[in-house]
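**Q** sequence first, then the predicted structure, then my questions.
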Amino acid sequence: MELDVQIPLAERMRPRQLSEFVGQQQLVGSGKVLRRAVDAGRLMSAVFWGPPGTGKTTLAKIYAMASDARFVELSAVASGAKELREVFTAAEQEKRMYGMQTVLFIDEIHRYSKAQQDLLLPAVERGTVCVLGSTTENPRICLTRALLSRVQVFELKGLEDEEIASALKRALRDEERGLGSFSMAVRTDAIRLIINMSGGDLRKALQILEASVQYASTQDGTAVVEMADVREAVQDAIAAFDESILYDMLSAFGKSLRGSDSDAALYWFMRMVAAGVDPRIPVRRLIVHASEDVGLASPHALVQATAALDALLQVGLPEARIPIAQAIIFVCEAPKSNSVVTALARVEEAIVQYPHAQVPTWLRDRHFYREGNDDQPYLYPHDYPKHYVEQRYLPQELENEIFYRPNQEGTEAKIHPRKWNQVK
């Protein structure tokens, strides 16, 4: 079945008023702050913060329309100071000539630099524009304090299953903007699968629904969407993977490795692979964690991780998933030690404290022998019992420093640095 429509279903079904809006009752419910502002037509600069597909742009448009304001939309990715100044100039003219307020909606406002954010300040203070921004990032981290002090932050939550189900049913019934004019049916288990795959993102749910219809077979003149059709459609939806989620998944993957949770680490790795992420990205992280979090407590972890990358490059997916999974499990279940990382941190501190510490004369390059620098000879360790001899290798200022301190886990518990016996 093919739908002769040019505008995506998610855009066609975008609510035009609060009565059509789904979810976010903490903001738009009866008596709530945003509901009162919309009902009163009272504009205030604000930032809508929340996951994708939760209604940030929709709320901004409904908010602007309720106040009969002129609506201008910019993307922080594709605009800068020039576009902002043009909007401000036009807004001043509209206000002076027609008394019309301008609402400037900035999608992904966190992408603006500090200088660009600062450019908004005088326009907001003078009332030239009412700024509405949307972001998936925490505004208290990604926005300047000056801008935050001039806007109200509204946090949106991922939608509940019942809310997404309600929106899907509305799209299936609506004959003007939805799929109601088509002779079709969607199995209950298919609806449930769409909801599960959406992850609280209504836009994604509608995308999957629309794509599923394309795969549906016709039975007695009616297109019937089955679970298999949804699974086919999900592959299309996965192709449009949000990069911002990638970094969260990578973070969860790394923390699962450090936290010794094999199940979670495998899940996040496979979730990224299923989403089309280059598998080299998480495997490179695996190599780092093999040293950062396991290290000398189980040195074979690094061997396993690097072998996993080699297997990936040699045989590719899907076969390489097996040795990669083996390495993931090994790193998770291995004893943990971060002594290598802490040793590096102590060395960095010492370099900052003594940036000009001299190389001991007996360790210097003998090809560049200088008169008077031969007051103490270099002692060749292999000339002594057990191939060891006491000798200072650090600069004099650091002779008593201990940077590497073995952890008492796994193999590392057997390491006893000789230097510990000489420290005064």
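**A** Noted; the coordinates are in hand.
**Q** going by C-alpha atoms from here, please, whenever you check contacts or count neighbours.
**A** Fine.
**Q** bridged to L74, which residues?
**A** I106 (DSSP bridges).
**Q** run through the residues that contact it.
**A** L104, F105, I106, D107 (CA atoms under 8 Å, 6 or more residues apart in numbering).
**Q** and of those, the nearest to R364?
**A** Top of the list for closeness to R364, among those and by CA to CA, is D107 at 59.6 Å.
**Q** shouldn't that closest one be in contact with T135?
**A** Yes. Between D107 and T135 there is a contact under CA atoms under 8 Å: 6.9 Å.
**Q** A115: neighbour count?
**A** 11 (other CA atoms under 10 Å).
**Q** please identify which helix or strand holds it.
**A** Element membership of A115, judged by DSSP states H and E, is helix 114-126.
**Q** packing partners for that helix?
**A** Secondary-structure packing of helix 114-126 (3 or more CA pairs under 8 Å, 6 or more residues apart in numbering; DSSP states H and E): helix 81-98, helix 145-148.
**Q** contacts for it?
**A** Counting by CA under 8 Å, 6+ apart, 45, 80-81, 84, 88, 129-131, 143-144, 146-147, 150 sit against helix 114-126.
**Q** can you lay out the helices and strands packed on helix 114-126 as JSON lines showing mean neighbour count and mean pLDDT?
**A** Shown next, in JSON lines, are the helices and strands packed on helix 114-126 (neighbours: other CA atoms under 10 Å; pLDDT from 0 to 100):
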{"stretch": "helix 81-98", "mean neighbour count": "14", "mean pLDDT": "90"}
{"stretch": "helix 145-148", "mean neighbour count": "15", "mean pLDDT": "91"}
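**Q** got the confidence number for A10?
**A** pLDDT, A10: 87.
**Q** ends of stretch 6-18, how far apart?
**A** In stretch 6-18, first residue to last residue: 25 Å (CA to CA, to the nearest Å).
**Q** tell me the domain ranges of the chain?
**A** Residue ranges for the domains of the chain, per automatic domain parsing: 24-155, 161-239, 243-333, 349-421.
**Q** pick out the shakiest of those domains, pLDDT-wise.
**A** Least confidently modelled of the domains of the chain is domain 349-421, at a mean of 76 by mean pLDDT.
**Q** and it, how far out from the chain middle?
**A** Mean-position distance between domain 349-421 and its chain equals 43 Å (CA atoms, centre = their mean, to the nearest Å).
**Q** again, but for stretch 296-316
**A** For stretch 296-316, the distance to the chain centre is 26 Å (CA atoms, centre = their mean).
**Q** next, the buried residues of it.
**A** Residues of stretch 296-316 classed as buried under the neighbour-count rule (16 or more other CA atoms under 10 Å) are 296-302, 304-309, 311-312.
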